[in-house]
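Undergrad: predicted structure and sequence below. I'll ask about it afterward.
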Amino acid sequence: MLIYGAGLRLMEYLELRVKDIDFTSNQIVIRAGKGDKDRHTLLPGAVKEPLAKHLELTKEQHRHDLEHGIGRVALPDALEHKYPNAGKEWGWQWVFPATTHFTDRMTGERRRHHLHESVLQKAVKEAVRKAGIAKPATPHTFRHSFATHLLEDGYDIRTVQDLLGHRDVSTTMIYTHVLNRGGRGVNSPADRL
(Lines give C-alpha, C1' and ligand atoms only; values in the text may rest on other atoms or scores of the structure.)
Protein backbone atom coordinates (compact mmCIF):
# COMPACT_ATOMS: atom_id res chain seq x y z
CA MET A 1 0.00 0.00 0.00
CA LEU A 2 2.86 2.39 0.76
CA ILE A 3 4.59 1.74 -2.56
CA TYR A 4 1.33 2.35 -4.42
CA GLY A 5 0.16 5.26 -2.27
CA ALA A 6 3.43 7.18 -2.46
CA GLY A 7 4.65 6.09 -5.92
CA LEU A 8 7.89 4.62 -4.57
CA ARG A 9 10.49 2.61 -6.41
CA LEU A 10 11.34 -0.73 -4.78
CA MET A 11 14.68 0.38 -3.33
CA GLU A 12 13.27 3.76 -2.24
CA TYR A 13 10.74 1.82 -0.19
CA LEU A 14 13.28 -0.57 1.30
CA GLU A 15 15.80 2.16 2.10
CA LEU A 16 13.35 4.39 3.97
CA ARG A 17 14.62 5.57 7.32
CA VAL A 18 12.41 6.48 10.26
CA LYS A 19 13.45 10.15 10.16
CA ASP A 20 12.27 10.49 6.56
CA ILE A 21 8.61 9.88 7.35
CA ASP A 22 6.71 12.94 8.54
CA PHE A 23 3.33 11.98 9.98
CA THR A 24 2.47 15.62 10.73
CA SER A 25 2.89 17.04 7.23
CA ASN A 26 1.95 13.75 5.51
CA GLN A 27 5.09 13.49 3.47
CA ILE A 28 8.03 11.21 2.87
CA VAL A 29 11.51 12.37 1.98
CA ILE A 30 13.20 10.10 -0.52
CA ARG A 31 16.95 10.37 -0.04
CA ALA A 32 19.35 9.69 -2.88
CA GLY A 33 16.67 8.30 -5.20
CA LYS A 34 17.33 7.54 -8.85
CA GLY A 35 20.01 9.88 -10.14
CA ASP A 36 21.10 10.40 -6.50
CA LYS A 37 18.40 13.07 -6.08
CA ASP A 38 16.31 13.79 -3.01
CA ARG A 39 12.59 14.45 -3.38
CA HIS A 40 9.37 14.65 -1.38
CA THR A 41 6.31 12.55 -1.97
CA LEU A 42 3.10 12.12 -0.05
CA LEU A 43 2.39 9.90 2.93
CA PRO A 44 -1.03 8.38 2.20
CA GLY A 45 -3.56 8.71 5.00
CA ALA A 46 -4.56 5.08 4.44
CA VAL A 47 -1.15 3.83 5.63
CA LYS A 48 -0.56 6.16 8.57
CA GLU A 49 -2.12 4.00 11.28
CA PRO A 50 -0.69 0.64 10.15
CA LEU A 51 2.70 2.27 9.52
CA ALA A 52 2.71 3.84 13.00
CA LYS A 53 1.94 0.43 14.52
CA HIS A 54 4.70 -1.16 12.43
CA LEU A 55 7.15 1.50 13.63
CA GLU A 56 6.22 0.81 17.26
CA LEU A 57 7.21 -2.85 16.75
CA THR A 58 10.34 -1.83 14.88
CA LYS A 59 11.29 0.57 17.68
CA GLU A 60 10.90 -2.23 20.22
CA GLN A 61 13.11 -4.46 18.06
CA HIS A 62 15.69 -1.65 17.88
CA ARG A 63 15.59 -1.22 21.68
CA HIS A 64 16.19 -4.95 22.05
CA ASP A 65 19.08 -4.80 19.56
CA LEU A 66 20.68 -1.92 21.47
CA GLU A 67 20.44 -3.87 24.72
CA HIS A 68 22.42 -6.64 23.02
CA GLY A 69 24.97 -4.26 21.49
CA ILE A 70 23.83 -4.64 17.89
CA GLY A 71 21.53 -1.68 17.22
CA ARG A 72 23.68 0.14 14.66
CA VAL A 73 22.83 0.68 10.99
CA ALA A 74 25.14 1.84 8.22
CA LEU A 75 24.99 5.55 7.40
CA PRO A 76 25.39 7.16 4.00
CA ASP A 77 28.64 8.69 2.79
CA ALA A 78 30.95 9.99 5.52
CA LEU A 79 28.25 10.50 8.15
CA GLU A 80 29.41 7.42 10.03
CA HIS A 81 32.76 9.11 10.69
CA LYS A 82 31.31 12.56 11.31
CA TYR A 83 28.63 11.33 13.74
CA PRO A 84 29.94 8.04 15.18
CA ASN A 85 26.86 7.33 17.34
CA ALA A 86 24.18 8.37 14.84
CA GLY A 87 23.93 4.81 13.50
CA LYS A 88 22.36 3.78 16.82
CA GLU A 89 19.78 6.58 16.87
CA TRP A 90 16.13 5.71 16.23
CA GLY A 91 15.74 8.21 13.39
CA TRP A 92 18.43 6.55 11.31
CA GLN A 93 16.94 3.05 11.59
CA TRP A 94 15.38 1.34 8.59
CA VAL A 95 11.58 1.46 8.41
CA PHE A 96 11.65 -2.09 7.07
CA PRO A 97 14.57 -3.81 8.81
CA ALA A 98 15.81 -7.25 7.90
CA THR A 99 14.76 -10.09 10.16
CA THR A 100 18.36 -11.17 10.76
CA HIS A 101 21.70 -9.52 11.47
CA PHE A 102 24.90 -9.56 9.47
CA THR A 103 28.53 -8.93 10.37
CA ASP A 104 29.97 -5.84 8.72
CA ARG A 105 33.24 -6.85 7.01
CA MET A 106 34.84 -3.44 7.56
CA THR A 107 34.04 -2.98 11.25
CA GLY A 108 33.33 -6.51 12.43
CA GLU A 109 30.12 -5.22 14.05
CA ARG A 110 26.86 -7.12 13.91
CA ARG A 111 24.24 -4.92 12.29
CA ARG A 112 20.76 -5.08 10.86
CA HIS A 113 20.26 -4.12 7.22
CA HIS A 114 16.96 -3.28 5.52
CA LEU A 115 14.86 -6.05 3.98
CA HIS A 116 16.30 -7.55 0.83
CA GLU A 117 14.42 -6.64 -2.35
CA SER A 118 13.69 -10.29 -3.09
CA VAL A 119 11.49 -10.49 0.03
CA LEU A 120 9.06 -7.93 -1.36
CA GLN A 121 9.34 -9.23 -4.92
CA LYS A 122 8.41 -12.74 -3.78
CA ALA A 123 5.53 -11.43 -1.64
CA VAL A 124 4.04 -9.54 -4.59
CA LYS A 125 4.51 -12.53 -6.89
CA GLU A 126 2.71 -14.77 -4.39
CA ALA A 127 -0.12 -12.25 -3.91
CA VAL A 128 -0.61 -12.00 -7.68
CA ARG A 129 -0.72 -15.79 -7.93
CA LYS A 130 -3.19 -16.13 -5.04
CA ALA A 131 -5.42 -13.42 -6.52
CA GLY A 132 -5.55 -15.30 -9.80
CA ILE A 133 -4.29 -12.32 -11.78
CA ALA A 134 -3.19 -13.46 -15.23
CA LYS A 135 -1.12 -10.36 -16.03
CA PRO A 136 2.45 -9.98 -14.83
CA ALA A 137 2.88 -7.67 -11.82
CA THR A 138 5.86 -6.62 -9.72
CA PRO A 139 6.35 -4.00 -7.00
CA HIS A 140 7.04 -1.50 -9.81
CA THR A 141 3.52 -2.10 -11.12
CA PHE A 142 2.24 -0.23 -8.06
CA ARG A 143 4.32 2.81 -9.03
CA HIS A 144 2.84 2.73 -12.52
CA SER A 145 -0.65 2.45 -11.05
CA PHE A 146 0.04 5.42 -8.75
CA ALA A 147 0.96 7.61 -11.72
CA THR A 148 -1.88 6.38 -13.91
CA HIS A 149 -4.51 6.86 -11.21
CA LEU A 150 -3.29 10.39 -10.42
CA LEU A 151 -3.55 11.31 -14.09
CA GLU A 152 -7.00 9.71 -14.31
CA ASP A 153 -8.04 11.79 -11.31
CA GLY A 154 -7.08 14.95 -13.17
CA TYR A 155 -3.76 15.85 -11.53
CA ASP A 156 -1.46 17.72 -13.87
CA ILE A 157 1.52 15.95 -15.39
CA ARG A 158 4.08 18.24 -13.67
CA THR A 159 2.74 17.32 -10.21
CA VAL A 160 2.95 13.64 -11.08
CA GLN A 161 6.47 14.21 -12.45
CA ASP A 162 7.58 15.79 -9.15
CA LEU A 163 6.04 13.05 -7.02
CA LEU A 164 7.69 10.33 -9.12
CA GLY A 165 11.04 12.11 -9.17
CA HIS A 166 11.36 12.10 -12.95
CA ARG A 167 13.96 14.52 -14.27
CA ASP A 168 12.20 14.90 -17.61
CA VAL A 169 8.45 15.18 -18.15
CA SER A 170 8.74 12.93 -21.21
CA THR A 171 9.41 10.03 -18.82
CA THR A 172 6.18 10.82 -16.98
CA MET A 173 4.31 11.13 -20.30
CA ILE A 174 4.75 7.37 -20.74
CA TYR A 175 1.92 6.92 -18.23
CA THR A 176 -0.54 8.87 -20.38
CA HIS A 177 -0.71 6.06 -22.96
CA VAL A 178 -2.89 4.06 -20.57
CA LEU A 179 -5.37 6.90 -20.46
CA ASN A 180 -6.10 6.41 -24.16
CA ARG A 181 -8.88 3.91 -23.75
CA GLY A 182 -10.22 1.88 -26.63
CA GLY A 183 -12.99 3.28 -28.81
CA ARG A 184 -11.31 6.69 -28.94
CA GLY A 185 -12.04 7.28 -25.26
CA VAL A 186 -15.80 7.12 -25.80
CA ASN A 187 -17.99 5.46 -23.18
CA SER A 188 -20.61 3.13 -24.63
CA PRO A 189 -24.21 4.04 -23.83
CA ALA A 190 -24.65 0.40 -22.79
CA ASP A 191 -22.33 1.07 -19.83
CA ARG A 192 -24.92 3.47 -18.36
CA LEU A 193 -27.64 0.82 -18.21
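TA: Happy to help now that I have it.

Undergrad: could you pick out the longest strand of this protein?
TA: strand 97-103 (DSSP state E).

Undergrad: check the offset of the helix or strand following that one from the chain's centre.
TA: Note on strand 97-103: by DSSP states H and E, the next helix or strand toward the C-terminus is strand 110-114. Mean-position distance between strand 110-114 and its chain equals 19 Å (Cα atoms, centre = their mean, to the nearest Å).

Undergrad: between strand 97-103 and the helix or strand just after strand 110-114, find me the angle.
TA: Downstream of strand 110-114, the next assigned helix or strand under DSSP H and E is helix 117-131. Interaxial angle, helix 117-131 versus strand 97-103 (axes from the mean of the first three to the mean of the last three Cα atoms, to 10 degrees): 150 degrees.

Undergrad: any chance you could list what contacts helix 117-131?
TA: Contacting residues not belonging to helix 117-131 are listed as 10-11, 13-14, 136-139, 141 [Cβ atoms under 8 Å, 6 or more residues apart in numbering]. Just so you know, the C-beta spots here come from the backbone N, C-alpha and C atoms, and that holds for glycine as well.

Undergrad: now those residues in TSV, with pLDDT?
TA: Output for these, formatted as TSV (pLDDT from 0 to 100):
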residue	pLDDT
Leu10	95
Met11	95
Tyr13	96
Leu14	96
Pro136	93
Ala137	95
Thr138	95
Pro139	95
Thr141	93
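
Undergrad: sitting in strands, which of the residues you listed do you find?
TA: Per DSSP E, the subset of the contacts of helix 117-131 in strands is empty.

Undergrad: quick one: those as TSV, columns for distance to Ile174 and neighbour count too.
TA: Rendered in TSV, the data for the contacts of helix 117-131 read as follows (distance: Cβ to Cβ, whole Å; neighbours: other Cβ atoms under 10 Å):
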residue	distance to Ile174	neighbour count
Leu10	18	17
Met11	20	14
Tyr13	21	22
Leu14	24	22
Pro136	17	8
Ala137	17	16
Thr138	16	14
Pro139	18	20
Thr141	14	16
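
Undergrad: biggest separation within these, which pair?
TA: Leu14 and Pro136 (20.9 Å; Cβ to Cβ).

Undergrad: quick one: neighbours of the closest residue in space to His113 that isn't next to it in sequence, just the number.
TA: With Cβ to Cβ, 6 or more residues apart in numbering as the measure, Ala98 is the residue that lies nearest to His113, at 4.8 Å, once sequence neighbours are left out. By other Cβ atoms under 10 Å, 15 other residues sit near Ala98.
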